[in-house]
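Q: I need the structure of the sequence given here:
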Amino acid sequence: MKIRMGTAAVAVLAAVEIIFLGSIRYGFTHTAEAGTAYQTPASVDFGNSFYSRSYIVMNIPLHEAQWKGSNLPRAGETIYLAAARDQKGVLYIKWAELDKPEGDYIITRARSIENGIVYFDIPFRRFYVTPEEMKKLPVSELSERVAAEDGTTGRTVTKMKNHVEAFFRLKDGQGVITDILINGVSVKKSFTTFGDPAAVSYAGAEGSAYAEGQ
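A: Sure, this is the predicted structure:
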């Protein structure tokens, strides 16, 4: 009797897991196909396990917004970012609040709030690729930096050689990165060519990869 009950419990748990994973997959696919198209400046996060992953982690430099409302969020509390696009389709955050706004929005969590500004992290950062696509990734185009003079200070600084953006779809508060743009051109075009995987190069000490934005 106990064995039958244990077997039944395992079967129920397996069924629940299958349903849960199926709902996640459906949500991902539905967002990628039906979500509103956006793009935003970003950079690739090159780590020591870069080539062993089935996805590319993107750094999206959007971390703060004006808070809307008198009730302030607690650290870790769910908040809504009111999202909009400029004429070029680039994402900007209009404000953040505790209630779901009209139009597009991003669901995330508050890290802190100070002087009416709330700080947060964009929750979607992964661009999924196959091992074959990873081998054909144009690493130099995504990581190379050049020296340039700062027009304000006159000092020489390093900046990304190419303009890198994350292209993503947004629906019901969830985002899915569907492409990486290099100077407006899809990185997916490199997947149709042949070549050997390039080594990731670093500007300084090991681990300090070219992950900064422009």
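Q: Next, the contact list for the residue nearest in space to the middle of the chain, please.
A: Centroid check for the chain by Cα atoms, centre = their mean gives Arg125 as the closest residue, at 2.1 Å. Shown in contact with Arg125 (Cβ atoms under 8 Å, 6 or more residues apart in numbering): Asp45, Val57, Met58, Asn59, Ile60, Ile177. In short, each C-beta sits where N, CA and C put it, glycine included.
Q: Neighbour-wise, which one of these leads?
A: Ile177 (24 neighbours; other Cβ atoms under 10 Å).
Q: Surely that one is in contact with Val129?
A: No: counting by Cβ atoms under 8 Å, Ile177 sits too far from Val129 to count as a contact (10.7 Å).
Q: would you list every one of the helices in this protein?
A: 2-34, 131-135, 139-143 (DSSP state H).
Q: which intervals of this structure have sub-threshold pLDDT?
A: 1-28, 192-214 (pLDDT under 70).
Q: That one: strands as residue ranges?
A: Per DSSP state E, the chain carries strands over the ranges 36-41, 43-44, 55-59, 64-66, 78-85, 91-97, 105-114, 117-120, 126-128, 145-149, 156-160, 164-171, 174-182, 185-186.
Q: Those: which one's closest to Met134?
A: Closest to Met134 of the strands of the chain is strand 55-59 (Cβ to Cβ; 7.9 Å).
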